[in-house]
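Chemist: Sequence and computational prediction follow.
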Amino acid sequence: MSVITVKQALSGAPSEGATVTVRGWIRTRRDSKAGLSFLHVSDGSCFAPVQVVAPNTLDGYADSVAKLSAGCAVECTGTLVRSQGKGQAFEVQAHQVTVVGWVEDPETYPIQPKAHSLEYLREVAHLRPRTNTFGAVSRVRQTIAHAIHHYFHEHGFQWVNTPIITASDCEGAGQLFRVSTLDFASLPRTPEGKIDFTREFFGRETFLTVSGQLAVEAYCLALSKVYTFGPTFRAENSNTTRHLAEFWMVEPEIAFANLSDDADLAEDFLKYVFRAVLAERADDMAFFVERVDKTAIERLERLERASFARVEYSEAVTILEKSGKKFEFPVKWGLDLQTEHERFLTEEHFARPVVVMNYPAAIKAFYMRLNDDEQTVAAMDVLAPGIGEIIGGSQREERLDVLDRRMAASHVDPGAYGWYRDLRRYGTVPHAGFGLGLERLVTYVCGLANIRDAIPYPRTPGNAAF
RNA sequence: UCCAGCUUAGCUCAGUCGGUAGAGCAGGCGGCUGUUAACCGCCGGGUCGCAGGUUCGAGUCCUGCAGCUGGAGCCA
């Protein structure tokens, strides 16, 4: 007897006629008067469940198999045989079915063999991985995460684990979550009556990171090709289909590189991930096409082939001005592109992913490299049809004098960034990188409408249940 | 945070002009069948989000609140 996965069973492994054990959770049970019950058992190893055929002559059939309902945990031992029915190549002819865990009250089990709304399933986040949709999303997410690590490993990048807790109070844009061990009921005070943060655990104010970029730049200027991949936190009061308060971000950083190299990396990297999903998760992607988004597969195939459009910010503004489209928000050089503008560019004008490059300096962060025109910085956004900004990146300002000017203009305290300035004092080189939200990528690949369905337990304003 | 919409059975929804509640699925029982989110019959299942108001009478109209969803801003 060998314990095998549902995936193995469906492919006939280890061999036809072998005695095998499969373990998993019941999706459906159908009884036949021929003296059989058909159990669909799922274990997450692939999209499809395996069919276990249980004859009513099994020991204890009436008290076990005959009472199984959706969600029950079972261990089934039997012979792996070619299926007599349609719909699967192999099935398990059971000798023994052991109920490992019953469903207490089948009538109120939240996951039924039917279409549930995604909104409802968010309310039962602990049970939604048992559905087709969330099983598929989980496997695609795993494939994407693995492909990300694999891509970087293959290309000589080192994964750098930058800290989750940070002391810098303005790592970039974004509201921060405070990390504190102080007793809120009686806060320590300084003689001036202010909160005495020296009494904090770390002896200073600390927060959850909004980006590992600044920290990873230091490793970039030693190891040449690096990336971070970890949780990131933004305390923004954003209530949209594409924002989370806690999400996973990938941030590669490359030395001796400019913005064009950065865009090349972003495009090559995304295409690699798309290829991996198409190759490894055909079953799950076919389900998304059927139930979630008809174009899920063809979109990935198209993106994997097409070259991304590249356009200067200034040129993008001209395109928008000449488009004849009526936009709700004004289009003018110096203003940031709005969602509607980005959608027009990527969905209508170019009809493929677009990299918009070299934005006005005034609307971008202090660490982005000032171009020779002194008006723009070497920043880029990768826009994708249907989801908008999927990647944001830039070449970093490697010249100390220019960085200091930019920090002053942005009212950033240079004293808090001594170590960051050091990188420009000791062997500085041009370098660049970008940030990619993992959940945005998962949302996009699966064709989901809401980012809250791309992460197991979504954290959004007012919601940290589970 | 701003704007809009939604909230009826375990789930998905219907509910007309204001007259005291319906279907499908799920569950239970029975029938039928190597079945494929099976099919057929019967049965149980409701504080119509909460609090007020109008009315002889409110699921339905009005006000407030809450939750959810969508759009916007911010961004990955």
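Modeler: Yes, it's here. Numbering: from 1, shown residues only, chains lettered A, B, ... in the order given.
Chemist: mind listing the strands for the stretch 201-350 of chain A?
Modeler: A:206-208, A:225-233, A:246-255, A:309-312 (DSSP state E, counting those that start in this stretch).
Chemist: longest strand of chain A?
Modeler: In terms of residue count, the longest strand belonging to chain A (DSSP state E) is strand A:19-32.
Chemist: in its sheet, what does that one sit against?
Modeler: Sheet pairing of strand A:19-32 (DSSP bridges) gives strand A:2-3 (parallel), strand A:36-42 (antiparallel), strand A:73-82 (antiparallel).
Chemist: I'd like to know which of the ones you listed is closest to RNA strand B.
Modeler: With Cβ to the nearest atom of the strand as the criterion, RNA strand B lies closest to strand A:36-42 of the strands paired with strand A:19-32, at 3.2 Å. No exception for glycine: its C-beta is placed from N, CA and C like everyone else's.
Chemist: so what strands line up beside the next helix or strand after that closest one?
Modeler: Once strand A:36-42 ends, the next helix or strand along the chain (criterion: DSSP states H and E) is strand A:50-55. The strands beside strand A:50-55 in its sheet (DSSP bridges) come out as strand A:36-42 (antiparallel), strand A:90-101 (parallel).
Chemist: still on that earlier bit, now check the longest strand of chain A, is it near RNA strand B?
Modeler: Yes. With Cβ under 7 Å from any atom of the strand as the criterion, RNA strand B is reached by strand A:19-32 at A:28, A:30-32.
Chemist: most packed of the strands paired with strand A:19-32?
Modeler: Mean neighbour count, computed with mean count of other Cβ atoms under 10 Å, is highest for strand A:36-42 among the strands paired with strand A:19-32, reaching a mean of 21.
Chemist: do you know how far A:R406 is from RNA strand B?
Modeler: 15 Å (Cβ to the nearest atom of the strand, to the nearest Å).
Chemist: Setting aside sequence neighbours, what's the nearest residue to A:F247?
Modeler: Using Cβ to Cβ, 6 or more residues apart in numbering and skipping the chain neighbours, the partner closest in space to A:F247 is A:E439 (5.1 Å).
Chemist: Same question for A:V292.
Modeler: On the basis of Cβ to Cβ, 6+ apart, the spatially nearest residue to A:V292 that is not a chain neighbour turns out to be A:G447, at 5.0 Å.
Chemist: so how many other residues sit close to the one you found?
Modeler: Applying the criterion other Cβ atoms under 10 Å, we find 20 residues in the vicinity of A:G447.
Chemist: from what I can see it touches A:L300, true?
Modeler: No. Taking Cβ atoms under 8 Å as the contact criterion, A:G447 and A:L300 are not neighbours in contact, 9.5 Å apart.
Chemist: residues near the closest residue to RNA strand B within chain A, how many?
Modeler: Using Cβ to the nearest atom of the strand, the point where chain A gets nearest to RNA strand B is A:G85, with a distance of 2.1 Å. Residues lying near A:G85 (other Cβ under 10 Å) number 9.
Chemist: which residues touch the longest strand of chain A?
Modeler: Residues outside strand A:19-32 that contact it (Cβ atoms under 8 Å, 6 or more residues apart in numbering) are A:1-6, A:9, A:14, A:37-44, A:49-50, A:52, A:65-66, A:68-80, A:92, A:95, A:100, A:113, A:130.
Chemist: Any buried residues in it, and which?
Modeler: A:20-29 (16 or more other Cβ atoms under 10 Å).
Chemist: any chance of the residues you listed in CSV, plus pLDDT and distance to A:A185?
Modeler: Listed next are those as CSV, based on pLDDT from 0 to 100; distance: Cβ to Cβ, whole Å:
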residue, pLDDT, distance to A:A185
A:V20, 96, 59
A:T21, 96, 55
A:V22, 95, 54
A:R23, 95, 49
A:G24, 94, 48
A:W25, 93, 45
A:I26, 92, 49
A:R27, 91, 50
A:T28, 90, 53
A:R29, 89, 54
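Chemist: Mind jotting down where the helices sit in chain A?
Modeler: Under the criterion DSSP state H, chain A carries helices at the ranges A:6-10, A:118-122, A:132-154, A:213-223, A:259-280, A:282-291, A:296-305, A:313-322, A:339-343, A:400-409, A:418-425, A:438-446.
Chemist: For those, please prepare JSON lines with the additional fields mean pLDDT and mean neighbour count.
Modeler: Listed next are the helices of chain A as JSON lines, based on pLDDT from 0 to 100; neighbours: other Cβ atoms under 10 Å:
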{"stretch": "helix A:6-10", "mean pLDDT": "95", "mean neighbour count": "23"}
{"stretch": "helix A:118-122", "mean pLDDT": "88", "mean neighbour count": "15"}
{"stretch": "helix A:132-154", "mean pLDDT": "96", "mean neighbour count": "19"}
{"stretch": "helix A:213-223", "mean pLDDT": "95", "mean neighbour count": "20"}
{"stretch": "helix A:259-280", "mean pLDDT": "96", "mean neighbour count": "19"}
{"stretch": "helix A:282-291", "mean pLDDT": "91", "mean neighbour count": "17"}
{"stretch": "helix A:296-305", "mean pLDDT": "89", "mean neighbour count": "16"}
{"stretch": "helix A:313-322", "mean pLDDT": "93", "mean neighbour count": "17"}
{"stretch": "helix A:339-343", "mean pLDDT": "88", "mean neighbour count": "19"}
{"stretch": "helix A:400-409", "mean pLDDT": "93", "mean neighbour count": "16"}
{"stretch": "helix A:418-425", "mean pLDDT": "95", "mean neighbour count": "15"}
{"stretch": "helix A:438-446", "mean pLDDT": "93", "mean neighbour count": "24"}
